[in-house]
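Asker: Could you work out the structure for the sequence below:
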Amino acid sequence: MKKKAFKVLTTIAVTGSLLATGTGFVSEPAPAAYAAETAQAPSVYIAPIDRAKFLAGSLFDFHVELNHLTTMPSSVTITVNGKDAEPFFGKPFVKTNTDKSQEFTIRDVKINEPGTYEVSVKADNGLAKTVKYEVVLTDQGGKKAKNVILFVGDGMAFPDITMSRIMSRGITEGKYNSLLEMDNFDQRAVVTTSGMDALVTDSANSASAYNTGHKSAVNGLGIYPDNTESSLDDPKVETLAEMLKRTRGMSVGVVTTSEIEDATPAAVVSHTRRRSDKPEIAEMLYKLQPEVILGGGSAYFLPKSTPGSKRKDEKNLFDMFQQKGYTIAENATQLKAANAPDKLLGLFHTADMSVYYDRSTNNKAELKSFTDQPNLWDMTQKALDTLNKNDKGFFLMVEGASIDKQLHPLDWERAAYDTIEMDKAIGVAKRFAEQNGETMIVVTADHSHSVSVAGTYWEGDGKSGREAFRTYEDSKFPTYVDSNGDGFPDTPDVDRKLAVVFGSHPDYYEDYKFDAVPTSPTVKNKDGQYVANPAKLANPDDPNRDRFLRPGTISSADSQGVHTADDVPLMAYGPGSQYFKGTMDNTDVFFGMANALGLNVSDAKSDGKNWIPLANFVHMMGGTVKYEASAREITIQINDGTILLNLNSGKATKNGKDFALEHRFENGTTFVSGSSILEVLAK
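Answerer: Residues are numbered from 1 along each chain as shown. Next comes the predicted model:
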C-alpha cells in the first residue's frame, strides 16, 4: 500500500540511560511485514531487533512500526538510552503511515561507543516495547589477520563431510587413509543457523548473518524486514565487505559455482527482502565493485535484447564493468589467460554453473553449450592472484554452491563430488595462507540437510532394495577407487556403495544407481501432487519397483528435500582462528572475522589490551580451571600456584594474597588481559 504523509501530531521524546557493557531452494513468499506474519493484534516492531549486536561504527537503518492499529495514537515516544532518538542518532525520523500502521525510519546511522543500549517505544494508546542492543569494539591485541577467506559449503552438513571423505580418501579397517583439507584445520566449532522468523533457515538470511552479524528473515539479505510491499526499501545493515571498503580500502572477492546473484554470494553485497531480486542484486555488485567476481548468472548481466538475458531493461552490465577496468572472462580458457588483472569478472554460465561431476566428465547431455567451465580451485587461485595485489588486504568469500543444489534433489553423489571440489579449493587457500602468514581461513556451511550415512549398499548376493541395504556388521567398506590420485573416485557406480538416507524428503525411488543426467526425484500427478519419479530408476518399468520406494516425510506439495535446523560445522585456520570455538550463533561468525582483522570502524578507541580467553590460556600453560557457578568463583591451578577469581567482587587472590587481575566476562566466557595474567603468575 502506498504511504501517505503522516499528519497525526507525534511527539518524539527520549528516556533511559547507558547500561553496562557486555541457497538453497526455497518456496519464496512475497515480501510481507514481519509483524504481520506473527500477529494480527496491535503491536510494535523495532528493527534492529532485540539482542542485536553491532560493531561500533557500523551503519544501519533504525526503524519502528506500530502495526494493526485500531486507533491512531496522538503521541509516540521513542527513546534510546535516555535521549531523544533524533538527537541521539543526529538525524530526523522519516514518518509514514497507512490506514492501520505508523512508521518511523532513520537511515544510515551508527552507534560509536561500545555498551548496552535500550530502545523504548511507547504510544498513548497503550502500545509499548523495549529492546536491547549490544555494541562492541573488536579485540586489538595480538597478531591480526591481514586477509580473511570465508568458505561456505552451501548445505554442507556433518554427514556430507563424512561421505565425501570416504569417497575421496578411502577407509581401511576402520581408519581413513587420509583426511580432507578441511579436516586438518586445528580450530573447530559448531554453528546454530535459525533466522529471526523461522527455525529452519534458507541460504539468504543465514549467509546474511555471516556477512552482517545480524539475523534476518527467510529470503532476506542484509536487511531487517518491514511492512511495505517493496523488497528494496527494508531497513539495511552494513555488510563486512562494505565496511572493509569504506574504512580500510581492502579488496573484496566473491567466488561461487552458483549464479553470482544467488543467495550466498549476494549476501556479501546485497540489501533486499527478496533474494529473487537478481537483476537488482547484479547492480548491487556493480555498486560495491568487488575486485573479483567469479561464478554463473550472466543472464542478469546481459541486456534484454540479448538471447539468454533475464533482464527487463537494456542495461549491459558487462560493458559497465569493463568500463570500470574489469578483465572479462566467459569460459575457463579466458580465465586461465587472465594474468592477475587489477579487477576480474568471470561469468561462465547464464544460470548456475554445472556441477563438478558433469564438468569433469564432459557430460554434454547436461552441459549443453557450456563445455568450458572452470573448476572451483582454479577460480580460487585466480581470485587470490588478483586480491593479493592490494597491500591493505582482502576479504574473499568462496562458495561450494551445488552441495546444496544437489542435496535438494537427493543426488548425494553429485553433492559429494562438489564437496570434494570445494575441499580442493580450500587446499589452494591453505597453501596460500601458509606462505602468506597473515591470512585466516574459515570453512563453514550456511545450513544443513537431513542427509546421513547409514551403511553400505550391495547387490552381490542377489538382493536389492531395502534387503541390500547393509547395516552394522554387514556394512562392509565401500569399494570406491581413486586410481589417478586426483581426490575423486574414478566412478560413483561401484559394487558396494555408501547407503545414504535423507530424513526430510518427498516420496522418491532410490536404487543406488547413479543418474547419468541429474534427474528430479519427483513428478506431478494429475492432482497436482508430487509423486516419486520412476525415471530415477535404472529400470523405470520394473514391476516390483516399490522395493526401491522411500516414502516421504514431508508434504506432497514439496518436490525436493528440504533444509534442517541441525547445527553445522566450522573449521578455522590462521591468525584470529582462536575466536571460533564451542557452539556459536551464525551471527557470531561475523564478529569472529571482524576480531581476526582487528576491524575498527568507530571513532571510539580500544583499550589496547590483549584480551584472551582465560581457560584457553591456562590450558595452554598446562593448568586447570574450575568454575563454581553458585559463588561465581573461578579456581585456577597453574605452575604449582592457585588463583581465585571472584566475578562478583572482581577480587583475585593467589596463595591467599590479593592481586590485580584485569578481566571481563562476555558471552559466557571469561577474558583476562595478557599482561595482567602474566604479572600475577610472576608473583
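Asker: wait, what's in contact with residue 208?
Answerer: The contact partners of residue 208, taken as CB atoms under 8 Å, 6 or more residues apart in numbering, are 214, 216, 220-223, 267. For the C-beta atoms, the positions are set from N, CA and C on the backbone; glycine is no exception.
Asker: Please indicate which of the residues you listed has the highest neighbour count?
Answerer: The member of these that has the most neighbours, counting by other CB atoms under 10 Å, is residue 267 with 34 neighbours.
Asker: Would you confirm that that one contacts residue 211?
Answerer: Yes. Between residue 267 and residue 211 there is a contact under CB atoms under 8 Å: 4.7 Å.
Asker: follow-up on the earlier one: ok, the contacts of residue 208 vs residue 230, which is closest?
Answerer: Minimum separation from residue 230 among the contacts of residue 208 (CB to CB) is found for residue 223, which lies at 11.2 Å.
Asker: What distance do you get for that closest one to residue 300?
Answerer: Residue 223 sits 20 Å away from residue 300, taking CB to CB, to the nearest Å as the criterion.
Asker: ok, now residue 310?
Answerer: Taking CB to CB as the measure, residue 310 and residue 300 are separated by 6 Å.
Asker: out of the two, which sits in the busier spot?
Answerer: Neighbour totals were compared for residue 310 and residue 300, and residue 300 leads with 24 against 18 (other CB under 10 Å).
Asker: Model confidence for that one, exactly?
Answerer: At residue 300, the pLDDT value in this model is 98.
Asker: residue contacts, it?
Answerer: By CB under 8 Å, 6+ apart, the contact set of residue 300 is 259, 261, 278-279, 281-282, 309-311, 317.
Asker: Among those, find me the one that's closest to residue 599.
Answerer: Using CB to CB as the measure, the one of those that approaches residue 599 most closely is residue 281, at 24.5 Å.
Asker: what do residue 310 and residue 300 both touch?
Answerer: With contacts taken as CB under 8 Å, 6+ apart, residue 310 and residue 300 have 278-279 as neighbours in common.
Asker: before we move on, the earlier item: return every residue with contacts to both of residue 267 and residue 211.
Answerer: Looking at what touches both residue 267 and residue 211 (by CB under 8 Å, 6+ apart), the common residues are 222, 239.
Asker: returning to that earlier point: what is the most widely separated pair among the contacts of residue 300?
Answerer: Distances among the contacts of residue 300 were taken as CB to CB; the most separated pair is 281 and 309, at 15.2 Å.
Asker: So between these two, which is more surrounded?
Answerer: Neighbours were tallied for residue 281 and for residue 309 using other CB under 10 Å; the higher tally belongs to residue 281 (27 against 20).
Asker: A helix includes that one, no?
Answerer: Yes. Following the definition DSSP: H, G, I helix; E, B strand; the rest coil, residue 281 is counted among the residues of a helix.
Asker: Now do the same contact list for the closest residue to it other than its chain neighbours.
Answerer: For residue 281, the nearest residue in space outside its immediate sequence neighbours is residue 261; the separation is 4.2 Å by CB to CB, 6 or more residues apart in numbering. By CB under 8 Å, 6+ apart, the contact list for residue 261 reads 278-279, 281-282, 285, 297, 300.
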